[in-house]
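Asks: Kindly return the folded structure for what I paste below:
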Amino acid sequence: MDIAFLAGFDQVNQPVFENLTVELLNADTEEVRLLKSPLLTRNLAAGDKIRPTNPERGEYDLIERSGNLSIRVFCRGELDSLANTLTPEIEKLGGSLDLQTERALVYTIHFSIGFKQIEEIFNDACDAFDESMWLYGNVYDDKDGKTPLGWWTDQQEI
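Replies: Numbers count the residues shown, from 1 in each chain. Predicted coordinates:
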């Protein structure tokens with residue numbers, strides 16, 4: 001089933017929603033698990049457990065993180081070639097390509113692979129393709145885009 005999530009606001013401050021596919025885990029509590037990492041909605045990745053709190057506004061409570069990183073790649077050039085370069089590298093590490101649009105790719109990979117190794121793969125690929133860039137979807141605070149959320153430190157203690 002799909003649920004609309006608040007992805008942000010447009011130029012005239014109107015809400016922008018993204019429909020994300022979820023699996024119902026508990027009908028009584030309405031707890032769901034995100035099946036794929038989102039393109040626009042920040043602070044979530046595939047496998048995260050959430051509970052919608054205000055479906056009309058696309059709001060939710062994050063119940064439990066999966067440990068997965070959501071990585072978004074944007075490209076104005078040859079996206080298929082970039083995907084063909086990146087996807088096998090990510091799949092070798094247990095990650096997946098969750099979404100491909102005309103100008104974007106969304107990958108999911110577990111943080112335990114290591115930020116350094118993940119960043120090297122994405123930096124090398126984007127360096128090889130003009131007009132491409134990548135960013136984490138659930139690593140930095142969405143208010144300033146710079147402050148690390150740090151949720152992975154809690155995951156390492158488990």
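Asks: List the residues that contact V73.
Replies: 82, 86, 104-107, 122, 125-126, 132-134 (CB atoms under 8 Å, 6 or more residues apart in numbering). C-betas here are computed from N, CA, C, even on glycine.
Asks: filter these to the buried ones?
Replies: 82, 86, 105-107, 122, 125-126, 132, 134 (16 or more other CB atoms under 10 Å).
Asks: Which members of the residues you listed occur in strands, if any?
Replies: 105-107, 132, 134 (DSSP state E).
Asks: got the residues you listed as CSV, with pLDDT and distance to Q14 columns?
Replies: Output for those, formatted as CSV (pLDDT from 0 to 100; distance: CB to CB, whole Å):
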residue, pLDDT, distance to Q14
L105, 98, 27
V106, 99, 23
Y107, 99, 29
S132, 96, 29
W134, 98, 28
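Asks: which one of the residues you listed sits closest to D48?
Replies: Of all these, D48 sits closest to V106, with 13.9 Å by CB to CB.
Asks: For the closest residue to that closest one other than its chain neighbours, give me its contacts.
Replies: Of all residues not flanking V106 in the chain, L99 sits nearest, at 4.0 Å (CB to CB, 6 or more residues apart in numbering). Going by CB under 8 Å, 6+ apart, L99 touches 36-37, 39, 105-106.
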